[in-house]
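Visitor: Build me a model from this:
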Amino acid sequence: SDLNGGANGEDIEALLATNGLSDLLVEKTATIGEKLSVRRFAKVTGDAVASYIHGGGRIGVLLDVQTDVVNDAVKEMAKNVCMQVAALNPKYTNRNEVSADYIEHEKSILMAQIQNDPKESQKPEKVIQGMIAGRINKELKEICLLDQVYVQDSDLTVAKYVDKVAKENGANVTVTKFVRFETGEGLEKKVDDFAAEVAAQAGM
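Guide: Below you'll find the predicted structure:
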């Protein structure tokens, strides 16, 4: 089963207890003089698991591919999809992962925007609903990996690219999951407000 860390410290502790990872962290911390810790992790298993590291380790991607053929062409396809994930940072693998609550929230935002536009708010309800559906569909094409335009061939979506490679190799291929981690992602960044600091020191 998948183990996803970050929110659940017990999973992090279990990970550190395996294979001497805790000792390795201590050793590396001593070597470089900076404290290292594990904030999050994911375990990905599949018929083919591809990985891609970008920017000297700034972005890392794992891709879970279910396939009945594992050859160089399928491996290359998986690597290319990893690069797509690194570059375009999708939120979901496919539309099935998008919650109904997310869609409803987006619809309510779009409806509010339309109602605040005197020209658009006068349109018939059917037209307004069509506009909302079109905008939602456009957004899903940007945030769902398999719906995205494939960066190496703009005539294809990622799903069509995967299908093309599968057909060329007589394979059944499904991209089921990806994990994308970026250095510093999720960390609270301290923003210093110099003017407020000066004012506070001056008792203003």
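Visitor: What count of nearby residues applies to Gly55?
Guide: Each residue near Gly55 was counted by other CB atoms under 10 Å, and the total is 10. Every C-beta, even on glycine, is put in place using the N, C-alpha and C of the backbone.
Visitor: Distance of it relative to Ala100?
Guide: From Gly55 over to Ala100 the distance is 36 Å, taken as CB to CB, to the nearest Å.
Visitor: Could you tell me which helix of this structure is the longest one?
Guide: With DSSP state H setting the assignment, residue counts place helix 125-143 as the longest helix in the chain.
Visitor: Check which helices and strands it sits against.
Guide: With contacts defined as 3 or more CB pairs under 8 Å, 6 or more residues apart in numbering; DSSP states H and E, helix 125-143 has these neighbours: helix 100-115, helix 118-121.
Visitor: Could you check the helix or strand containing Asp64 and say which residues are buried?
Guide: With elements taken from DSSP states H and E, the one containing Asp64 is strand 59-67. Of the residues in strand 59-67, those with enough neighbours to count as buried (16 or more other CB atoms under 10 Å) are 59-65, 67.
Visitor: Would you mind pulling the contact partners of that strand?
Guide: Contacts made with strand 59-67 from outside it, assessed by CB atoms under 8 Å, 6 or more residues apart in numbering, are listed as 42, 44-54, 74, 78, 81-83, 85-86, 166, 171-183.
Visitor: Now do that strand: distance to the chain's middle.
Guide: 11 Å (CA atoms, centre = their mean, to the nearest Å).
Visitor: now swap in stretch 25-36 and tell me
Guide: For stretch 25-36, the gap between its own C-alpha mean and the chain's C-alpha mean amounts to 29 Å (CA atoms, centre = their mean).
Visitor: where does this structure have low pLDDT?
Guide: 1-10, 12-20, 35-45, 185-204 (pLDDT under 70).
Visitor: Tell me where it has helices.
Guide: Shown for the chain, the helices assigned by DSSP H span residues 9-17, 21-32, 72-88, 100-115, 118-121, 125-143, 158-168, 194-201.
Visitor: so which of these is the most packed in?
Guide: When neighbours are counted by mean count of other CB atoms under 10 Å, the highest per-stretch mean among the helices of the chain falls to helix 72-88, a mean of 19.
Visitor: Now do that helix against strand 59-67, angle only.
Guide: With axes from the mean of the first three to the mean of the last three CA atoms, to 10 degrees as the basis, helix 72-88 and strand 59-67 are set at 140 degrees to each other.
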